[in-house]
Every structure is written in C-alpha cells, then in structure tokens.
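S.K.: Build me a model from this:
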Amino acid sequence: MAGIRYLELAEVIALHALIMERTGASPASLRSESQLEAALMRAPMAAHYEEADLVRQAVLLAVGISQAQAFLDGNKRTGFAAMDVFLRLNGQRFNGDSIGLAQHLETIASEQQQRRAAIDAFEQWLRSHLESI
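M.R.: This next block holds a predicted model:
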C-alpha cells in the first residue's frame, strides 16, 4: 500500500527501551533480531499479498511483536506501543482502553486453537477505538 509509513527495526528497539523505562522496568535484551524483523514484516506483507488495510496491518504488527517474543521481557508492551506509533504515523489514533487492548493480546496468546478468530475479534474491537488525526 503506497503511502503507509512502516516502523523500522531500530525504531522498534528504541521504542522498546522507552516503553520499558516509562513502565518502570529496565529495557530487556533482544533475544532474536530475526524474530523481530519477521514480526515487523507481517504488516507490509499482508498489505501486499492480502490487500490488508491500515487497521488489519496494525493488528498484525501488535500481534506479531507480542507473539515473536524477540525481547526477554516487554513484548506485549512493545507490540502495543509499536501499533500505537504505527497508527499515529498513518493518521489514526487509538482512543480505547489500554487494558482492553492488553486483554486482546492475552487472548490471542492463550487461544492457540482459536487464534484466527481472536485476531479477527481484536481487529473489530480496534476499529471501534480509532479516530482520525
């Protein structure tokens, strides 16, 4: 999708350090750069191969980072922060409850058999919690 601004690896690593410090934790070591890179590629790949819109891409970014477990700690926090920045860079703002978002990420992590349905539910929930900026 032309015109969409994607996050780069170094930006997400820096975002991880920032979000960890803001939540009172030390930045965690990067366990797997390749896993993080793969998670970051989920959004543009879905745009290219599935014509995924911005919201679907944001969901795949958050889920990808949280599930990749590329950092020793703070993966869901980093996924949320990356999704939030990605949306803002592309003209949308998340205006929902961060606890609700975390619950969706937890559900996706715990429901291996129903992961696709949980991701779709997260996408629908996110759509109802966005506003243009």
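S.K.: contacts, neighbours, all on C-alpha from now
M.R.: Fine.
S.K.: other SSEs contacting the helix or strand of the chain at the bottom of the mean pLDDT ranking?
M.R.: Confidence across the helices and strands of the chain bottoms out at helix 98-110, with a mean of 86, counting by mean pLDDT, DSSP states H and E. Applying 3 or more C-alpha pairs under 8 Å, 6 or more residues apart in numbering; DSSP states H and E, we find helix 98-110 packed against helix 54-68, helix 75-89, helix 115-127.
S.K.: Mind putting these into a markdown table with distance to Thr23 and mean neighbour count?
M.R.: Converted to a markdown table, the helices and strands packed on helix 98-110 look like this (distance: least, C-alpha to C-alpha, whole Å; neighbours: other C-alpha atoms under 10 Å):
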| stretch | distance to Thr23 | mean neighbour count |
| --- | --- | --- |
| helix 54-68 | 16 | 23 |
| helix 75-89 | 9 | 22 |
| helix 115-127 | 23 | 16 |
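S.K.: how about the CA coordinates for the least confident helix or strand of the chain, as CSV?
M.R.: The C-alpha coordinates for helix 98-110 follow below in CSV (Å, rounded to 0.1, in the frame of the first residue of the first chain):
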residue,chain,number,x,y,z
SER,A,98,-5.1,0.0,27.1
ILE,A,99,-6.3,-2.7,29.4
GLY,A,100,-8.8,-3.9,26.9
LEU,A,101,-6.1,-4.0,24.2
ALA,A,102,-3.8,-6.0,26.6
GLN,A,103,-6.7,-8.4,27.2
HIS,A,104,-7.0,-9.0,23.4
LEU,A,105,-3.3,-9.7,23.1
GLU,A,106,-3.5,-12.1,26.1
THR,A,107,-6.5,-13.9,24.5
ILE,A,108,-4.6,-14.3,21.2
ALA,A,109,-1.6,-15.7,23.1
SER,A,110,-3.6,-18.2,25.1
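S.K.: quick one on the thing from earlier: could you tell me the least trusted of the helices and strands packed on helix 98-110?
M.R.: Of all those, helix 115-127 carries the lowest average pLDDT, namely a mean of 92.
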